[in-house]
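Novice: okay, here's the prediction I keep looking at, along with the sequence it came from:
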Amino acid sequence: MGLNAEHKPMMLSNRASFLVAGFCIAAWAPMIPFVKERFGLDEHNLGLLLLCVGIGSFVSMPTSGYFSSKFGCRTPIYVSAFVVALCLICIPFIDNIYLLGVVLFCMGISAVALDVISNINAALVEHVANRNVMSGLHGLYSVGGFLGATSVTFLLSLGMPLHWAGFYAAIVIVALILLGGRHLFTTVYVDEVDGKEKPEAKTESATEAPKKESHLKYYLHPTVLLIGLMCFIMFMTEGSMLDWSGVFLRMERGVSLEHAGYGYAAFAIAMTTCRLLGDIIVTRFGRGRIIFLGTLCIVAGFCVAVFIPSLFTALLGFALIGVGASNVVPQLVSISAKLDDVPTHIAVTIVNAVGFSGVLIGPALIGFLAHAITLPYTYLCQAAAVLCVTVMSYLLLKSLKKKMPDVVSAQK
């Protein structure tokens, strides 16, 4: 069943915000090998540089939910998109590595805020429209990732200077968010959106002090933290593709610098295709099966890329990782948004902030490991971590099935 006419504008705006969130961080990926070459960095030092993005993500964690609760979703998304665009313009011009670290720190803060608040907006869309839309919206994130990585890589392959590629990425980001983001929610309180009372409904009363006191309980909720940890590992997998697939192809498979970005493109194409079909697939087969089988597919993809030494199998392995990762995180976010005993905007903020930090902190951790045990063995460690998610997902879904059978199955 399609969306009602009143729901279409808010859905289109949320699609635009996810598209921008995916595009902006992926547009940075093809620049990484150039930064590595410009400053003569090894894997360890490149990991330290990428850690600046991760530190920025940690700073953004406690603030994204706060700013969205104060200003709604639209304004923080606009500001975050503009800051990321400015950072992409500045990166090619910076010759001082410490200044570059500061810029990457700012980009990390804004990238996480853009992603987290887009997910909060998506949780509201799911509630108001009463439909499974999370996978499709994350599919637009993947579309943005594919467009950002492939378009910037293509322009660099044609010989375009790096600074013009940065300007191109910034113009696309600003144009998309200005043209498409007008109908993002100006509140995160569901009762103000559709008049239905929810745990996160805004109130001002004498009970405000006890409510503030209880907020710590929400932030330390074991189920939310477990889902956040699972998303961290899954986002770390995406980060390993975003920041290290090009280095893997360059160092391990002998691909030229200009074409190294196609490793992430293979991952992004597979992920995008499966996410765009994700809402249908999840409704048919249920969240449990999708999460379980998806993690196993990721493990297989890492093994194929590492153990079979050819360019084709490396691209095939990256594509398998994209297929597996496509619908795991959207379903985990959707489950967290539907927990009865945690307000939606708090649950989604924690899960996405902890999770998305994996995209930003994970590549730095991978750099440290790659320096110590080589990148192929580091990829195998990543596969082992994803296998742990398989086990955690089984335990989580078994626990929730007794209390929330409809949420776990996602079948209508």
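Specialist: Done, it's in.
Novice: how about the contacts made by residue 281?
Specialist: 135, 274, 290, 327 (CB atoms under 8 Å, 6 or more residues apart in numbering). Where you see a C-beta, it was placed from the backbone N, CA and C, and this is true even at glycine.
Novice: which two among those are spaced furthest apart?
Specialist: The span of the contacts of residue 281, defined through CB to CB, is set by 274 and 290 at 9.8 Å.
Novice: find residues that contact each of those two.
Specialist: Residues touching both residue 274 and residue 290 (CB under 8 Å, 6+ apart): 281, 327.
Novice: now do the closest residue to residue 346 other than its chain neighbours against residue 51, distance only.
Specialist: In this structure, residue 346 finds its nearest non-sequential neighbour in residue 218, 4.7 Å apart by CB to CB, 6 or more residues apart in numbering. Separation of residue 218 from residue 51 (CB to CB, to the nearest Å): 29 Å.
Novice: could you pull out the strands for the stretch 51-200 of the chain?
Specialist: Using DSSP state E, counting those that start in this stretch, the stretch 51-200 of the chain contains no strands.
Novice: which stretches of it have low pLDDT?
Specialist: Applying pLDDT under 70 to the stretch 51-200 of the chain picks out residues 61-62, 188-200.
Novice: that one: helices as residue ranges?
Specialist: 74-90, 97-129, 134-157, 162-180, 190-194 (DSSP state H, counting those that start in this stretch).
Novice: save those as JSON lines, and put in mean neighbour count and distance to residue 295 too.
Specialist: Formatted as JSON lines, the helices of the stretch 51-200 of the chain follow (neighbours: other CB atoms under 10 Å; distance: least, CB to CB, whole Å):
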{"stretch": "helix 74-90", "mean neighbour count": "22", "distance to residue 295": "30"}
{"stretch": "helix 97-129", "mean neighbour count": "24", "distance to residue 295": "20"}
{"stretch": "helix 134-157", "mean neighbour count": "24", "distance to residue 295": "16"}
{"stretch": "helix 162-180", "mean neighbour count": "18", "distance to residue 295": "31"}
{"stretch": "helix 190-194", "mean neighbour count": "16", "distance to residue 295": "31"}
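Novice: I'd like those written out as CSV, with distance to residue 299 added.
Specialist: Below are these laid out as CSV (distance: least, CB to CB, whole Å):
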stretch, distance to residue 299
helix 74-90, 32
helix 97-129, 25
helix 134-157, 20
helix 162-180, 33
helix 190-194, 38
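Novice: so who does the residue nearest to residue 346 touch?
Specialist: Contacts of residue 218 by CB under 8 Å, 6+ apart are 224, 342, 343, 346, 347, 350.
Novice: what distance do you get for the most centrally placed residue in the chain to residue 171?
Specialist: Centroid-nearest residue in the chain, with CA atoms, centre = their mean: residue 356, separated by 5.2 Å. Going from residue 356 to residue 171 by CB to CB gives 25 Å.
Novice: again with residue 319
Specialist: 30 Å.
Novice: and if you look at residue 302?
Specialist: Counting by CB to CB, the gap from residue 302 to residue 171 is 36 Å.
Novice: can you check residue 376 too?
Specialist: Relative to residue 171, and taking CB to CB, residue 376 is found at 38 Å.
Novice: brilliant, that's me finished.
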